[in-house]
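Trainee: My questions are about this predicted structure, shown below with the sequence.
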Amino acid sequence: MAVGKLTFTKAEREKLAEFLWLLNWISVLTGAILFGLGLFLKVEIQKRQEVMLEQGILYVPHMLITTGLVACAINFLGGKICLDCTDTNKFLRWKMVMMPYVVCTLVFTACVLAGAVMCYSISSQLEEALFLGLRNAMRYYKDTDTPGRCYLKKTLDLLQIQFQCCGNSGYRDWFQVQWVSSRYLDMNNSSVRDRLRSNVDRKYLMDGVPFSCCSTASPRPCIQQRLSDRSAHFNFDRQSQQLNLWRRGCRSALMEHYTQILQSIGLTVLLIWLFELLVLTGVRYLQTAMENVIRLGDPDSESEGWILENSLAETARSNFNIIKNLGKCYQGDDDDPNINIPSAATERELPSRCAHIPETS
Amino acid sequence: MVLMSVKFDLKKRVKLAQTVWFMYWFAVMGGVLVFSMGLFFKIELRKRSELMDNNESHFLPNLLILMGLIACGINAFGGKICYDSLDPNKFVKWKSMLKSFLVLCMVLNSLLFITALLCFLTRIPLQFTLAEGLKNGMRYYKDTDTPGRCYMKRTLDLMQMEFRCCGNENYRDWFEIQWVSNRYLDFGAKEVKDRIGSNVDGQYLMDGVPFSCCNPSSPRPCIQNQMTNNTAHYSYDHYTEELNVWKRGCRDAMLSYYGGLMNTIGALVLLVTILEVAVTIGLQYVNSSLSTLANPEDPESESEGWILEKTVKETFTDIMATMKSMGKGTKVEEGGEAAVATVS
């Protein structure tokens, strides 16, 4: 039994064709939007590439960009086809292309859905990339004289100021890296030498943070040095400590920023996918209706349109058989009686010989 | 002698009316633009009114908003007149008041021109307002527990980071005020007592700046304290150190920001003024061409359009004569009344 069978009069067919032409043009617009969203995401990720270890996150925006371009092209073609469908004579031109076009649209719609799902599933990868990227950035903070890393200090400072965050998970991360370059350490000073000696790796670690960690909401001037020693600063009570530096880690701040972007993009792509599905259904109905008209011979008669000619199980089985036989073809043609027996349902789909291309599908 | 006369037939008149109507729509959008720019400038001033001591003059943005609204209204009206001029029956009702409408348009154009000039000149009073406001702002930096001033520290820090500036004229301004509140000074410590004792007003001054003055582009961690003491920091010379803190003063930074904004707004208002003058001239041509039909009954007859009926000099003397006669007219009336009063 056919799936989703509907009957169309000539007038209804023409109306459907016009409506689909309009929808296809709107789809071109949504394809452009998809392209734009992919481009925006790519720019956003690359803006912070210095604190993000790539790890192939860029495949999501690339997917969106290519899907957007393909959407524009396919829907442009679809618009042209649908416009020609209003006239049965012009439709004959497109007869051969219709089935591949529908299949391509199905594949592309699946890609759009995949793109939407990817937007939501990427967060763990993103967190990992940010963790590693920020750790490296903090390690190379002091290397302002090393080519390739000389702007990391500026980038990290501006990041901490803009996103109001400090360190990777919190401000204590700065206690574990040497963020003061050795160029500015007086090696003749005994306290400096003591500190270096007391560290296993001869690193100059201190319980201080850079100025960019300072919170603008603090009522007192910023305390950046000797943060673990509360008695080193006058009246440094619990509340002062809370407000002194930014409490949030930069990883969670950036994760929140990117999650918001990805969620909105994912939602938009899902909506676009639903719209494409609608267009695909309409095109499928139009295709089957037009083919039935041609088969009946009378351009003014009523015709039926459907989504699938047989039930889902039968269609799946017959398609599977086609693929199996295509495989057998390349291995060598046998006198397999199953191939050559024509049957009403499968006549159009199974080739009588492998080289014979089906006329209608 | 008419000024810049042009011959019109019906087709040309229709084309003129359509063009001027079209231009009027652009002029309406120009009026909307002026209005929105006035609004934008007002919001920008409000955003930073704390740094200007809440003393800034809102005269210019209010004027821009008002001029924008008036321009919109007058241009929409003018567009309606142009639209009606295509139909001679409808045009008759506008004919009588068209002259005064044109005079009103000219007044509006001159006001717009004056507004544009004011935009360019507004830098001067702003300079003084900013200098005063910033000086006070820095003085109240430490008063984070005084109601009404508790957000001054935050405002000033955010401003210094955003505009990349430090202090009023430069970073040394911070050396001259106490920006650390007494709440966080340990009066038991010798160093604090010495410093306060050595100052005439008992203020705790130091050669240090707040963290918001730090320049992220500096290759070394920021030096905020003991800035003039070269020996306090390794390999540091405060005379040659360029990148440590922002070199520019905040007054200069904000002045150049607002100055640039005002120059852009002034240029746009000038463009809108030029457009307005063009549509006024267009409307004058429409008016004069429709008033001088060779055959008043026949709408297809030829006519002549001009900007001024007589030369500029003659028009000017005419206006002076009209004003003088108006003045004399009131005097004669008074004299006549007095005479009547005495007679009766």
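Mentor: Sure thing, it's come through.

Trainee: Distance check, the most centrally placed residue in chain B against chain A.
Mentor: Taking Cα atoms, centre = their mean, the centroid of chain B lies closest to residue B:119, which sits 4.0 Å from it. As for residue B:119, its distance to chain A is 32 Å (criterion: Cβ to the nearest Cβ, to the nearest Å). (C-beta placed from N, C-alpha, C; glycine too.)

Trainee: Spell out the secondary structure type for the spatially closest residue to that residue that is not a sequence neighbour.
Mentor: Computed as Cβ to Cβ, 6 or more residues apart in numbering or on different chains, the closest residue to residue B:119 that is not its neighbour in sequence is residue B:266, at 3.3 Å. Look at residue B:266: counting by DSSP: H, G, I helix; E, B strand; the rest coil, its state is helix.

Trainee: number of nearby residues for residue B:266?
Mentor: By the criterion of other Cβ atoms under 10 Å in any protein chain shown, residue B:266 has 19 neighbours.

Trainee: same thing with residue B:217?
Mentor: 16.

Trainee: For it, give me its contacts.
Mentor: Contacts for residue B:217 were tallied using Cβ atoms under 8 Å, 6 or more residues apart in numbering or on different chains; they are A:154, B:243.

Trainee: May I have the predicted confidence score for the residue nearest to residue B:119?
Mentor: Residue B:266 is assigned 95 on the pLDDT scale.

Trainee: you'd agree it is up against residue B:114?
Mentor: No. The criterion here is Cβ atoms under 8 Å, and residue B:266 misses it with residue B:114 at 11.3 Å.

Trainee: how far out from the middle of the chain is the helix or strand residue B:157 falls within?
Mentor: Under the criterion of DSSP states H and E, residue B:157 resides in helix B:152-163. Counting by Cα atoms, centre = their mean, to the nearest Å, helix B:152-163 is centred 25 Å from the centre of its parent chain.

Trainee: Just the C-alpha atoms of that helix, please, in PDB.
Mentor: C-alpha atoms of helix B:152-163 as PDB (Å, rounded to 0.1, in the frame of the first residue of the first chain):
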ATOM      1  CA  MET B 152      32.800  56.200  40.900                       C
ATOM      2  CA  LYS B 153      35.700  53.800  41.300                       C
ATOM      3  CA  ARG B 154      34.100  51.200  39.000                       C
ATOM      4  CA  THR B 155      33.100  53.800  36.400                       C
ATOM      5  CA  LEU B 156      36.600  55.300  36.400                       C
ATOM      6  CA  ASP B 157      38.300  51.900  36.100                       C
ATOM      7  CA  LEU B 158      36.000  50.800  33.300                       C
ATOM      8  CA  MET B 159      36.500  54.100  31.500                       C
ATOM      9  CA  GLN B 160      40.300  53.900  31.800                       C
ATOM     10  CA  MET B 161      40.300  50.400  30.400                       C
ATOM     11  CA  GLU B 162      37.900  51.200  27.600                       C
ATOM     12  CA  PHE B 163      39.400  54.400  26.400                       C
END
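
Trainee: Tell me the residues of the stretch 201-344 of chain B that contact chain A?
Mentor: B:210-212, B:214, B:216-222, B:224, B:233-235 (Cβ under 8 Å from any Cβ of the partner chain).

Trainee: what sits against residue 8?
Mentor: The chain I'm using is chain A. A:16, A:285, A:289, A:302, A:303, A:304, A:305.

Trainee: To clarify, I was referring to chain B.
Mentor: B:16, B:289, B:302, B:303, B:304, B:305.

Trainee: got it, and residue B:225?
Mentor: By Cβ under 8 Å, 6+ apart, the neighbours of residue B:225 are B:206, B:207, B:208, B:232.

Trainee: and if you look at residue A:217?
Mentor: A:243, B:154.

Trainee: Could you do residue A:228 as well?
Mentor: Residue A:228 neighbours (Cβ under 8 Å, 6+ apart): A:175, A:207.

Trainee: Filter the contacts of residue B:8 down to just the ones in helices.
Mentor: B:16, B:289 (DSSP state H).

Trainee: Taking the contacts of residue B:8, tell me the two that lie furthest apart.
Mentor: B:16 and B:302 (13.5 Å; Cβ to Cβ).

Trainee: what about those two, which has more around it?
Mentor: Higher neighbour count among residue B:16 and residue B:302: residue B:16, with 21 against 16, using other Cβ under 10 Å.

Trainee: surely the more buried one meets residue B:282?
Mentor: Yes. Counting by Cβ under 8 Å, residue B:282 is a contact partner of residue B:16 at 7.1 Å.

Trainee: hang on, the earlier thing: which of the contacts of residue B:8 sits closest to residue A:252?
Mentor: Nearest member of these to residue A:252, counting by Cβ to Cβ, is residue B:16, at 66.3 Å.

Trainee: Could you check stretch B:69-85 and say which residues are buried?
Mentor: Neighbour counts over stretch B:69-85 (16 or more other Cβ atoms under 10 Å in any protein chain shown) mark B:70, B:71, B:72, B:74, B:75, B:78, B:79, B:81, B:82, B:83, B:84, B:85 as buried.

Trainee: same check, this time on stretch B:9-23
Mentor: Buried, per 16+ other Cβ under 10 Å, within stretch B:9-23: B:13, B:16, B:17, B:20, B:21, B:23.

Trainee: Which ones among those also lie next to chain A?
Mentor: Counting by Cβ under 8 Å from any Cβ, no member of those is near chain A.

Trainee: Output the residues you listed as TSV; include the columns pLDDT and distance to residue B:310.
Mentor: Converted to TSV, the buried residues of stretch B:9-23 look like this (pLDDT from 0 to 100; distance: Cβ to Cβ, whole Å):
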residue	pLDDT	distance to residue B:310
B:13	85	23
B:16	88	22
B:17	88	25
B:20	93	23
B:21	92	28
B:23	94	26
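
Trainee: shouldn't residue B:155 be in contact with residue B:52?
Mentor: No. The criterion here is Cβ under 8 Å, and residue B:155 misses it with residue B:52 at 11.3 Å.

Trainee: okay, those two: which has more neighbours?
Mentor: residue B:52 (22 against 18).

Trainee: so what's that one closest to, chain neighbours aside?
Mentor: For residue B:52, the spatially nearest residue (Cβ to Cβ, 6+ apart) is residue B:133, at 3.9 Å.

Trainee: Just to be sure, that neighbour is in a helix?
Mentor: Yes. Checked against three-state DSSP, residue B:133 lies within a helix.

Trainee: neighbours around it, how many?
Mentor: So residue B:133, with other Cβ under 10 Å, has 22 neighbours.

Trainee: quick one: the helix or strand harbouring residue B:36 to helix B:152-163, angle?
Mentor: According to DSSP H and E, residue B:36 maps onto helix B:10-47. Counting by axes from the mean of the first three to the mean of the last three Cα atoms, to 10 degrees, helix B:10-47 lies at 130 degrees to helix B:152-163.

Trainee: now for helix B:10-47, which elements pack on it?
Mentor: helix B:59-85, helix B:250-291 (3 or more Cβ pairs under 8 Å, 6 or more residues apart in numbering or on different chains; DSSP states H and E).

Trainee: how about the residues of the stretch 201-350 of chain A that lie near chain B?
Mentor: A:210-212, A:214, A:216-217, A:219-222, A:224, A:233-235.

Trainee: which one of those residues has the most neighbours?
Mentor: Most crowded among these, counting by other Cβ under 10 Å, is residue A:214 at 26 neighbours.

Trainee: sec struct for the nearest residue to it once chain neighbours are set aside, please.
Mentor: With Cβ to Cβ, 6+ apart as the criterion, residue A:214 has its nearest non-adjacent residue at 3.7 Å, and that residue is residue A:222. Here residue A:222 is coil, with the state taken from three-state DSSP.
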